[in-house]
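Asker: I need the structure of the sequence given here:
(one chain, ligands or ions: 1)
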Amino acid sequence: MALSSSVLATLAEIVGPDGVVSSPEGRLVYECDMHTFYKGAPDVVALPRSAAEVEAIVRLCRRARLPIVPRGSGTGLIGGAMAPSGGVMVGMNRMDRILEVDLPNRCATVEPGLINLWLTRAVQDRGYFFAPDPSSQMVSSIGGNVSTNAGGPHCLKYGITVNHVLGLEVVTGAGDRVQLGGRVVDRPGYDLTGIAVGAEGTFGLVTAITVRLLHAAEAVKTVLASFSSIEHASEAVSGIIAAGIIPAALEMLDALMIRAIEEGIGAGYPKGAAAVLLIELDGPAAEVEAQAERAAAICRERGALDVRVARDDAERALLWKGRKEAAGAVGRLAPTYLLQDAVVPRSKLPAIMREVLAIGERHGVQIANVFHAGDGNLHPLILYDDRRPGELERAKAANEELLHACIAMGGTVTGEHGVGLDKAKNLPLQYADADLNFMYRLRGVFDPDRLMNPGKLLPAHPACGEGFRPARPRLPAGAWI
Ligand SMILES: Cc1cc2nc3c(=O)[nH]c(=O)nc-3n(C[C@H](O)[C@H](O)[C@H](O)COP(=O)(O)OP(=O)(O)OC[C@H]3O[C@@H](n4cnc5c(N)ncnc54)[C@H](O)[C@@H]3O)c2cc1C
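Answerer: Prediction:
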C-alpha cells in the first residue's frame, strides 16, 4: 500500500527526517525477523527517540487507520517483527538509554531498545546483573525480551523475563500512555504488567521498563558431562533435579550439534559423544562446591563418559560461547533450518528425543538438538537446503509432526520464543475456543481498532472474530487446524 505524502510528511515532523525509512531498499531490511520464512516489508519505518514521539505515531496511525508493527532488534524467531499487512513499523532501537539505576531498591528503569547485555555490563562492577539471558542477549533488546517473555539458559533457576519485570510504560493501541506496575512489588489492582509481558506488540508499544537487578553469586562452577546416549543424559537431568539441586543452567546438546560447534567454534566439547550436558551451579562458594560434586557424581552414576569442571573463567566462557553460538554454528551443516521451540514435561525428555530421531528418519531430514533440558524446552533445528526440491516440504512436515508429538506428551506449542505469525495457527491445539475468545477480547481493550501487530499471536479462527459466541464445548486437540 502506498502511503499518502501527508502521512510521510507528518512522520518526518514527529521523528525527524533521519528517523524515517521509506526507500524500497531501506524497508527491505525490515521485511522479516530471524524466522526468514515469513516476509512482509512495512510501507515505512519510523525510528522514534521518546515516548512522546511514539504517542504521536500511534495517534497518526489511528487517524489514517494504518497497521502498527513494533520492532526491537529483529532477532525474534516467530515472524513477529515483520509487516504482513504493511503499515508503519516502529523501530525502538534509538530509545536505548538506561534511565535510572536504583541499587538500594535493586532495580533499573530502561528504554525498550537497550540491548539486554548492556544492562548487566552497566552494573556488574557493582556486583549486580540482569538475569534473563536469551542466547541472543548480545543483540536482542529488552523491549523485545519483554514482548516475547524471553527465556534463556539461566532461567531454570532465575525465572523468565516476566519474573524480572516490575513495571512498564506502554503506549496502547488506543493511544493512551499508561503505567503498569512499578517498583513497589505489592500493588493493588490487576496484575496488568503480567498481562502485558509476552503480548508481542499486540497491546501497544512498550516505551519504558523497570526491571529487577540481582546480586551476582559469590561462586560459579560449570560442569561439562558427556554421554554415549541422549537417554543417559536425560536420566542425569532427572537425577540432578530429583536430588534437590536447581542448577543455574542445565543445557543439553546432541552429537550433530556438538560437531557443528566444534568445527565452527572449538568450544572443547568431546566430539565423539552422543550428548553433552552443560551444568552451571552458582551461589555461596561452599554450597556450589558440594552441589558440583553431587551433580558430577549423578552424571557418572547415569553412565557419563567424562565429567569435567571448567578450571577458570576463560574455560567457562568458552564452554558457554559454544552453547550461545550454537544456532550460528549450524550454518556449517546446512544453509537453512527450521527451529522448533516446543516444550515437554522434563520426565518425557528421553521419549521425545527418541521420537525426534524417528521423525528425522521418517522425513529424511537431519535434526540437530540444543535445548534447555532443565525446563524440557526443546530446540530441534531441522536442517534443509531449499535449493534442493522437496527438502523444505519434508522439513515442514517433520516440524509439524514434532509439534504434535510434544503436545501428545503433555507439552506446549511454544516455550520461550513466543507465538508470532508462526505459531498462531497452533494455539487451538492448546486452548479451547472460549479461552481464545477471551484473549481476543482482552486484546481489544488495549487496541480497540486492532491496528497493533495484526496477524500475530491470535489465529484466524472463529473464536477470534466478530460475533463469536462461546457455546461449543472444549474442542478436541487438532480441531480448527
Ligand atoms: C541466535 C539466537 C538465539 C536466541 N536465543 C533465545 C533464547 O535463548 N531465549 C529466547 O527467549 N529467545 C531467543 N531468541 C529469540 C529472540 O532473540 C527473542 O525472542 C528476543 O526476545 C527478541 O528480541 P528483539 O529485540 O530482537 O525483538 P524483535 O524480534 O524485534 O521483536 C519480537 C516481538 O516483540 C515485539 N516488540 C519488540 N519490541 C517491542 C516494544 N518495545 N513494544 C512492543 N512490542 C515490541 C515485536 O513486534 C515482535 O512481535 C534467539 C534468537 C536468535 C537469533
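Asker: so which bits of stretch 333-353 are buried?
Answerer: For stretch 333-353, the neighbour count (16 or more other Cβ atoms under 10 Å) marks 333-334, 336-344, 346, 348-350, 352-353 as buried. Heads up, the C-betas are built off the backbone N, CA and C, glycines and all.
Asker: send the alpha carbons of it over as PDB?
Answerer: What follows is stretch 333-353, C-alpha atoms only, in PDB (Å, rounded to 0.1, in the frame of the first residue of the first chain):
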ATOM      1  CA  LEU A 333      25.800 -28.200   8.300                       C
ATOM      2  CA  ALA A 334      23.100 -26.700   6.100                       C
ATOM      3  CA  PRO A 335      22.200 -23.400   4.600                       C
ATOM      4  CA  THR A 336      18.800 -23.200   6.300                       C
ATOM      5  CA  TYR A 337      16.900 -24.700   9.200                       C
ATOM      6  CA  LEU A 338      13.500 -24.600  10.900                       C
ATOM      7  CA  LEU A 339      13.800 -24.100  14.600                       C
ATOM      8  CA  GLN A 340      11.100 -25.600  16.800                       C
ATOM      9  CA  ASP A 341      10.600 -24.300  20.400                       C
ATOM     10  CA  ALA A 342       8.100 -26.800  21.800                       C
ATOM     11  CA  VAL A 343       8.100 -27.900  25.500                       C
ATOM     12  CA  VAL A 344       7.600 -31.300  27.100                       C
ATOM     13  CA  PRO A 345       7.400 -32.200  30.800                       C
ATOM     14  CA  ARG A 346      11.000 -32.900  31.800                       C
ATOM     15  CA  SER A 347      10.300 -36.500  32.500                       C
ATOM     16  CA  LYS A 348       9.400 -37.000  28.800                       C
ATOM     17  CA  LEU A 349      12.800 -36.000  27.500                       C
ATOM     18  CA  PRO A 350      14.100 -39.500  26.700                       C
ATOM     19  CA  ALA A 351      10.800 -40.400  25.000                       C
ATOM     20  CA  ILE A 352      10.600 -37.200  22.900                       C
ATOM     21  CA  MET A 353      14.300 -37.400  21.900                       C
END
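Asker: any residue of that stretch up close to the ligand?
Answerer: No: for stretch 333-353, no contact with the ligand is found by Cβ under 6 Å from any ligand atom; the gap never falls below 8.1 Å.
Asker: mean confidence score for that stretch?
Answerer: On average, the pLDDT along stretch 333-353 is 90.
Asker: ditto for stretch 109-129
Answerer: Here stretch 109-129 scores 98 as its mean pLDDT.
Asker: that stretch vs the ligand: in contact?
Answerer: Yes: using Cβ under 6 Å from any ligand atom, stretch 109-129 reaches the ligand at residue 112.
Asker: flag every buried residue along that stretch.
Answerer: 109-120, 122-123, 128-129.
Asker: what strand or helix carries residue 195?
Answerer: Assigned by DSSP states H and E, residue 195 falls within helix 192-196.
Asker: need the nearest residue in space to the residue nearest the centre of the chain, chain neighbours excluded.
Answerer: In the chain, the C-alpha nearest the mean C-alpha coordinate belongs to residue 417, at 3.1 Å (Cα atoms, centre = their mean). Among residues not flanking residue 417 along the chain, residue 341 sits closest, at 4.3 Å (Cβ to Cβ, 6 or more residues apart in numbering).
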